[in-house]
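Enquirer: sequence plus the predicted model coming up.
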Amino acid sequence: SVMLSSRLIVAALAFSDQARGVVINPAASRGARRCSNPALTAEKNMLKQLADMTVLSVDTGDLDIISQMAATGLITDATTNPLFVSQAGLSGDPRYVAFVDEAVNYAREQLTEEEDDAVALAMDRLAVNLGIEIVKLVTGYVSTEVDPRLSFDCDESVRRARRIIAMYEEAGVPRSRVLIKLAGTWEGLKAMEQLEAEGITCNITLIFGFIQAVAAAQFGARLISPFPGRILDWHKSQGGPQTYEPADDPGVVECCRMYRYFRRYDHSTICMPASWRPSRGSGHELDEIIAMAGIDRMTIPPPLLSRLDESTEPLPRIVNPESAISDCVDAEVAGGRIQEAEFRFRLNQDGCATAKMAEGIRAFVADTEKLEAAIRAKFAA
C-alpha cells in the first residue's frame, strides 16, 4: 500500500468519513479545511491549545506530512513503526526507493556471505534512513523500532538496537534524538533496561495494561506508548458497552492510571498515548484526545491533527501533575522493583494486555515480513 501524501489527506479523510458513516460536527469542520496549515487557522484552535499543555508527535512515516506538520511549530516529534517503514519501502516513491537501494547496497558491502544477516541489516538500515530524514524535519525525538520478531529475545534486541544507534551516530544524529522502540514484553523491558544504562533511550510500545507500564517505569524507560483506542476495542469486544463517556472510556482510565502512578512514585518515564478511538462512537473521533489533554505527550495521526486544527472549541486541561499524586490510588508495586514471575502472572491476569499485545506483535511481524520479502527480492535481483 502507498503512504498518504500531504496532498491526499483531504480526499482520504473525506473518503474514510463517508465509508464509516461519520457525521462531523459542523462547527468543527466549518470552512472544510481538511488539510489546512494549522499556523494559518485560528490562533487558539484546539491543536494550538493542546500543544500548549502536551508535547505532540505526528504518527506517520510520510515525509511530506511530517514536514507540513513540523512547520507549524506545534509538532516536535515523529513516531514510526514497522507498518510505516514497510509502506515507505514498498511505496514506489523515488525518495523511498533511494532509501531502499542505499540500505541494500550498504548491507551488501558490510555482510557479503550470509544473506539472512544482510537482509536483516538492510531492514535496520532502511528504518534508519527514514529516521535520518525525519530528524531533519522535527526538533525532538524520532522513534525507530527493533524488529518485532525479536520481542522475546532480549540479547538480540539489545544487539540490534545498538547497531541502529551506531548507524544514526555515523550519520551525525546523536543518540539523544532517537528513541528505540521495543515491545512491552518481559524481554523487551529487560533489553530496554540494558540500553537505558548505556544512554540509549527507549520507547516501550504495545502497552495495554497497568503492569507493563509499571515495569517499564521501574526499569527506567524514557517513554511508554499505551494504546487507549485498542484498550477500548478489547472491552467492547468482550461484551462491554459500545459507547462510553470519555472520562469512563477504559483506555482513558488505564492511561490516566499509569500517568498518576508515575507521578505518585516519582518515575520520570513519559506517558505518550497512541492509537485513538471515539469513546462515544462515530462523530466523536477526538474524545480520547480531549479526555487526556495535559498528559505528557501524545502521538497522533495526521487526520486527527487536522480535526484538532479545524476546531476552535475551548480545550480545558484534564490531566495535570499537581492532582495526579493525590489522585493515584495504587500502592507501589513490588516495593518498586517487580520480578519476572510476578510480572508474567499479573500480565496473564490482564486479559486485555495479554490479547492486545499478542495481536499487536503479530500485526507488526506481518508488516515486517512483507518488507523482508521485498528486500530479499532486491538481493536476488
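Expert: Received it, and whenever you're ready, just let me know what you need. Residues are numbered from 1 along each chain as shown.
Enquirer: so what's the backbone phi/psi at the residue of the chain positioned farthest from its centre?
Expert: Most distant from the centre of the chain: Glu113, at 35.1 Å, with distances by C-alpha atoms, centre = their mean. Glu113 adopts backbone torsions of phi -100, psi -50, taken as degrees, to the nearest 10.
Enquirer: so what pLDDT did it get?
Expert: Glu113 carries a pLDDT value of 81.
Enquirer: same thing with Thr80?
Expert: Thr80 carries a pLDDT score of 86 in this model.
Enquirer: can you list contacts of stretch 98-107?
Expert: With contact meaning C-beta atoms under 8 Å, 6 or more residues apart in numbering, stretch 98-107 is reached by 88-89, 118-119, 121-123, 125-126, 129-130, 133, 374-375, 378-379. Yep, even glycine has a C-beta here, placed from its N, CA and C like the rest.
Enquirer: in the helix ranked longest in the chain, what counts as buried?
Expert: Taking DSSP state H as the criterion, the chain has its longest helix at helix 351-380. By 16 or more other C-beta atoms under 10 Å, the buried positions in helix 351-380 come out as 352-353, 356-357, 360-361, 364-365, 367-368, 370-372, 375-376, 378.
Enquirer: repeat that for stretch 263-281.
Expert: For stretch 263-281, a neighbour-count test (16+ other C-beta under 10 Å) marks 263-265, 267, 269-279 as buried.
Enquirer: for stretch 143-156, same thing?
Expert: 143-151, 153-154, 156.
Enquirer: looking at the residues you listed, which is nearest Ala247?
Expert: Ser143 (28.5 Å; C-beta to C-beta).
Enquirer: for that closest one, give the beta-bridge partners.
Expert: Going by DSSP bridges, Ser143 is paired in beta bridges with Thr79, Leu179.
Enquirer: what's near enough to touch it?
Expert: Ser143 touches 77-81, 178-181, 203, counting by C-beta under 8 Å, 6+ apart.
Enquirer: out of those residues, which comes closest to Glu245?
Expert: Thr79 (28.1 Å).
Enquirer: tell me how many other residues crowd the closest one.
Expert: With neighbours defined by other C-beta atoms under 10 Å, the count for Thr79 comes to 28.
Enquirer: how long is stretch 234-253 from one end to the other?
Expert: End-to-end distance for stretch 234-253, by C-alpha to C-alpha, to the nearest Å: 14 Å.
Enquirer: repeat that for stretch 297-315.
Expert: Stretch 297-315 has its terminal residues 16 Å apart, counting by C-alpha to C-alpha.
Enquirer: next, the buried residues of that stretch.
Expert: By 16+ other C-beta under 10 Å, the buried positions in stretch 297-315 come out as 297-312, 315.
Enquirer: restricted to strands, list those residues.
Expert: Among these, the members found in strands (DSSP state E) are 297-300.
Enquirer: correct me, but Met258 touches Ala213?
Expert: Yes: counting by C-beta atoms under 8 Å, Ala213 is a contact partner of Met258 at 4.0 Å.
Enquirer: overlap of the contact sets of those two?
Expert: Common neighbours of Met258 and Ala213 (C-beta under 8 Å, 6+ apart) are 207, 224, 226, 271.
Enquirer: of those residues, just say which sits nearest to Glu340.
Expert: Among those, and counting by C-beta to C-beta, the member closest to Glu340 is Ile207, at 17.8 Å.
Enquirer: next, count neighbours for that closest one.
Expert: Counted with other C-beta under 10 Å, Ile207 comes out at 33.
Enquirer: and what of Leu50?
Expert: Leu50 has 24 neighbours, counted by other C-beta under 10 Å.
Enquirer: where does it fall, secondary structure wise?
Expert: Using DSSP states H and E, Leu50 falls within helix 46-51.
Enquirer: who's in contact with the nearest residue to Cys202 once chain neighbours are set aside?
Expert: Distances taken as C-beta to C-beta, 6 or more residues apart in numbering place Met192 nearest to Cys202, at 4.2 Å, with adjacent residues excluded. Taking C-beta under 8 Å, 6+ apart, we find Met192 in contact with 180, 182, 202, 204, 216, 219-221.
Enquirer: what score does Met192 have for pLDDT?
Expert: You'll see Met192 listed with a pLDDT of 99.
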